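Chemist: Make a model of this:
(2 chains)
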Amino acid sequence: MGFAMKRGGVVELTGAEIFVQCLKDEGVEYLFGYPGGAVLHIYDALYKQDQIQHILVRHEQGATHAADGYARSTGKPGVVLVTSGPGATNAVTGIATAYMDSVPLVVFTGQVMTHLIGDDAFQEVDAVGITRPCVKHNFLVKDVRELAVTIRRAFHVATTGRPGPVVVDIPKDITAQKTDYVFPADPTLRSYKPVTQWDPQGIRKAAEILLEAKRPMVYTGGGVILGNGADELTALVRWLGAPCTNTLMGLGAFPASDPLFVGMLGMHGTYEANMAMHECDVLLAIGARFDDRVTGDLDKFCPHARIIHVDIDPASIQKNVAVELAIIGDARGVMRDVLSALQASQRRLDKDALARWWRQIDAWRARDCLRYDRDNVDVIKPQYVLETLHRLTHGDAFITSDVGQHQMWTAQFYRFDKPRRWINSGGLGTMGFGLPAAIGVQLAHPQDTVVCVTGEASIQMCIQELSTCRQYDLPIKIVNLNNRYMGMVRQWQEFFYQSRYSHSYMEALPDFVKLAESYGHAGLRVDRPGDVEPALREALAQRDRLMFLDFITDQTENVYPMIAAGAGHHEMHLSSDRELA
Amino acid sequence: MRHIISILLENEAGALSRVAGLFSARGYNIESLTVAPTEDPTLSRMTLVTSGSEGVVDQIRKQLNKLIDVVKLVDLTEGQRIEREMLLIKVRADNGGERDEIKRLADIFRGRIIDVTESAYTIELTGDGGKLDAFIAVIHPRRILEVVRSGVIGIARGEETACRLSA
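Modeler: Prediction:
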């Protein structure tokens, strides 16, 4: 852009030009958005540059999920631009999804002209009010001179401390007004001071408690991934020789192929992980928030354990579970310091006790809780599809998912060895997340295999983004586990509502192969177990086009193991024909 | 237990609704809430009275501190403090005996009659909540026309400035 230079290198820009310049200064590569009246000045400024690539989605929910997938897979903030009114409200589901999983997003919403705010103007909503409960913070820009510093602060708040989405609402007239642009050097706010240091006393105490453990256990969540602490976690767990479990959000932080890994914990966690939680005497919890799907009945949670809780958010500490020691700090730094303290100590863990603990864990493991009818030649078992996918991609693909049974099976059977490879909506449980999220992941990792594991119910919630995939030639592989049911709803109705399948059956399903083809993609329907591997091989070999694999799977398969809501970790169902553990 | 929490808040549109929204979204009790600008026009002082178990109040403090608009927060319940609340009460006083008695009661409580008509007095009274309750209790309910209470404000005793930005 050719700007009129004024004294001292200061240039006068319109609000729209400032917006674009700020994004460039923040290093933004992709802007996920959808135009509309209130953001037309900004879209005009975007037209005049080619540094930031705008990705045109088909629905604003898709924009937020795509930005979210980009953010989760890279660690960089995802950036969204939508118009006022319905543009903003359509974005809310994606904002809430990012909020629940602490994903850094900066979402710009257009707003009606300043003088019209509050008049029920065309396409006016109180975007700041509507998004308030599901953002880390939000801003309404009322003066063009505040625009640059507000954008800078939005990125600062979104990406520091416990990350989260930040909304910036910009009235249309602000984007037309002119002011001098200077890059705001200081993004800090006097009222926002994310934790950068932690109590060395806590580190020493943590090491002491860990060294006294006879049955230690390490439980980690999304915080380790968000905080880029996978290497530090791996080093710490290996030094301790302790079993490690990850939450749904934490998978990939510790390599699933390591024998110290006991699988995911919680409602659909492994028998060995949940039993080890129940029996451990010291629990080190890092970047995890003791969510109800993880703890089950709080009165029965970890009854024998002294608990150490490491989290960057003070409000996570003592929220659900009382702990002996809390360390408020960055997961990566705290783990590094705890490991140093352990190494520096004269003491070591009780080797014999640890060996006894592992004999116990191995006995639980021998129950083979994830066993299923692998050799079935008549009907495709969903678990078999995921095991095969894992084998063919060497566990190295980026996997997004939607929400339900397929999500749990992916978490159980696609054994993640690396962080940021498993992209799913854990906290909010947003159906429709998987496909748009895969768009953001594939854009960020053009050379890598990106697979969206979904179901026939979830995929239809954001199916329109197949059109976006075509526009940007994104070779995403869609693995649709099609059981003609909202599987997880059906499973709960079978267990808890005497098989009254109220509105969980999907009638009038589209022909997904033709649907994919009509969007310009390739599709394949697979209904025999013997065809699963060839179909996956064919899809993975397609490097330059999207392939939609519609797997017709067993309608009645359930996700096991399962702890019913409100039960304890030791009260698991292993399968329909295996008793309570 | 009852807690009185003093907050310095950015004096910005929407800051109050962030606090109010937090209480409704998380189901916390809120007994009273007062807000006014401070000597620094960019800051507001909010005094909030809430109650709950220690665990709940701990969460309330943490969640409030997490709000970006909260600059500083102090739980005044943790130290020596002075609490005050203002009451404006309109009572019927339409015969000589009644008028004398209400005047006397107001004097006893160190209240002031700030508006007088032929049939009513309006009395201003400050004190802690218990004192205001006691005053209302000694007035016959039939005489009470309207009661307006400000909600509690509080400050730490002594030289301590519990909640100053520079502190």
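Chemist: Show me what the helix or strand where residue B:83 lies is in contact with.
Modeler: Following DSSP states H and E, one finds residue B:83 within strand B:81-92. With contact meaning Cβ atoms under 8 Å, 6 or more residues apart in numbering or on different chains, strand B:81-92 is reached by B:4, B:32, B:76, B:98, B:102, B:111, B:114-115, B:119-129, B:132, B:135-136, B:139, B:142-157. Just so you know, the C-beta spots here come from the backbone N, C-alpha and C atoms, and that holds for glycine as well.
Chemist: do that again at 6 Å, thanks
Modeler: B:102, B:120-126, B:128-129, B:132, B:139, B:143-150, B:152-157 (Cβ atoms under 6 Å, 6 or more residues apart in numbering or on different chains).
Chemist: swap in stretch A:157-168?
Modeler: Taking Cβ under 6 Å, 6+ apart as the rule, stretch A:157-168 contacts A:77, A:95, A:98-99, A:102, A:104-108, A:131, A:135-139, A:154, A:194, A:226, A:312-313.
Chemist: Alongside chain A, which residues does chain B contribute?
Modeler: Within reach of chain A by Cβ under 6 Å from any Cβ of the partner chain, chain B has these residues: B:21, B:25, B:62, B:63, B:66, B:68, B:71.
Chemist: just the buried members of those?
Modeler: B:62, B:63, B:66, B:68, B:71 (16 or more other Cβ atoms under 10 Å in any protein chain shown).
Chemist: Past the helix or strand hosting the first one, which element shows up next along the chain?
Modeler: Going back to what we said before, that points to residue B:62. Applying DSSP H and E as the criterion places residue B:62 in helix B:54-66. Using DSSP H and E, the helix or strand that follows helix B:54-66 towards the C-terminus is strand B:70-75.
Chemist: Please list which of the contacts of stretch A:157-168 also come close to chain B.
Modeler: Of the residues in those, proximity to chain B by Cβ under 6 Å from any Cβ holds for residue A:137.
Chemist: Quick one, which of the contacts of stretch A:157-168 are buried?
Modeler: A:77, A:95, A:98-99, A:102, A:104-108, A:131, A:135-139, A:154, A:226, A:312-313.
Chemist: Which of those residues fall in helices?
Modeler: Counting by DSSP state H, the part of the buried ones among the contacts of stretch A:157-168 found in helices is A:95, A:98, A:99, A:131, A:154, A:226.
Chemist: and the second one, what does it touch?
Modeler: Which is residue A:98. Residues near residue A:98 by Cβ under 6 Å, 6+ apart: A:68, A:105, A:165.
Chemist: can I assume the first one is in contact with residue A:103?
Modeler: If I follow you right, that is residue A:68. Yes: taking contacts as Cβ atoms under 6 Å, residue A:68 lies within contact range of residue A:103: 5.3 Å.
Chemist: Compare these two and say which is more crowded by neighbours.
Modeler: Between residue A:68 and residue A:103, counted using other Cβ atoms under 10 Å in any protein chain shown, the more crowded position is residue A:68 (31 against 28).
Chemist: Just the C-alphas of the helix holding residue B:62, formatted as CSV.
Modeler: Extracted C-alpha coordinates of helix B:54-66, given in CSV (Å, rounded to 0.1, in the frame of the first residue of the first chain):
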residue,chain,number,x,y,z
GLU,B,54,-14.7,-20.8,52.3
GLY,B,55,-14.2,-22.8,49.1
VAL,B,56,-16.8,-20.8,47.3
VAL,B,57,-15.6,-17.4,48.5
ASP,B,58,-12.0,-18.5,47.5
GLN,B,59,-13.3,-19.2,44.0
ILE,B,60,-15.2,-15.9,43.9
ARG,B,61,-12.0,-14.0,44.7
LYS,B,62,-10.0,-16.0,42.1
GLN,B,63,-12.6,-15.6,39.4
LEU,B,64,-12.9,-11.8,40.1
ASN,B,65,-9.2,-11.5,40.0
LYS,B,66,-9.2,-13.2,36.6
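Chemist: Run the angle between it and strand B:70-75 for me.
Modeler: 160 degrees (axes from the mean of the first three to the mean of the last three Cα atoms, to 10 degrees).
Chemist: what packs against the one helix or strand residue A:549 maps to?
Modeler: Element membership for residue A:549, per DSSP H and E: strand A:547-552. Using 3 or more Cβ pairs under 6 Å, 6 or more residues apart in numbering or on different chains; DSSP states H and E, the elements in contact with strand A:547-552 are strand A:477-482, helix A:512-518, strand A:522-526, helix A:532-541.
Chemist: for the chain, which spans come out with low pLDDT?
Modeler: Reading this off chain A. Counting by pLDDT under 70, the low-confidence segments of chain A come to A:1-9, A:577-581.
Chemist: not quite, I wanted chain B
Modeler: B:162-167.
Chemist: Let me know the outermost residue of it.
Modeler: Residue farthest from the centre of chain B, counting by Cα atoms, centre = their mean, is residue B:96 at 33.6 Å.
Chemist: Verify the stated contact: residue B:69 with residue B:15.
Modeler: Yes: using Cβ under 6 Å, residue B:69 is in contact with residue B:15, at 4.1 Å.
Chemist: what sits in contact with each of those two?
Modeler: residue B:9.
Chemist: residues in contact with residue A:102?
Modeler: A:162, A:163, A:164, A:226.
Chemist: Closest one of those residues to chain B?
Modeler: Within these, proximity to chain B (Cβ to the nearest Cβ) peaks at residue A:162, which comes in at 8.5 Å.
Chemist: what about that closest one, how many residues close to it?
Modeler: Applying other Cβ under 10 Å, I find that residue A:162 has 22 neighbouring residues.
Chemist: Phi, psi for it please.
Modeler: Residue A:162 has phi and psi values of phi -80, psi 110 when expressed as degrees, to the nearest 10.
Chemist: For it, which non-adjacent residue is spatially closest?
Modeler: Distances taken as Cβ to Cβ, 6 or more residues apart in numbering or on different chains place residue A:313 nearest to residue A:162, at 4.3 Å, with adjacent residues excluded.
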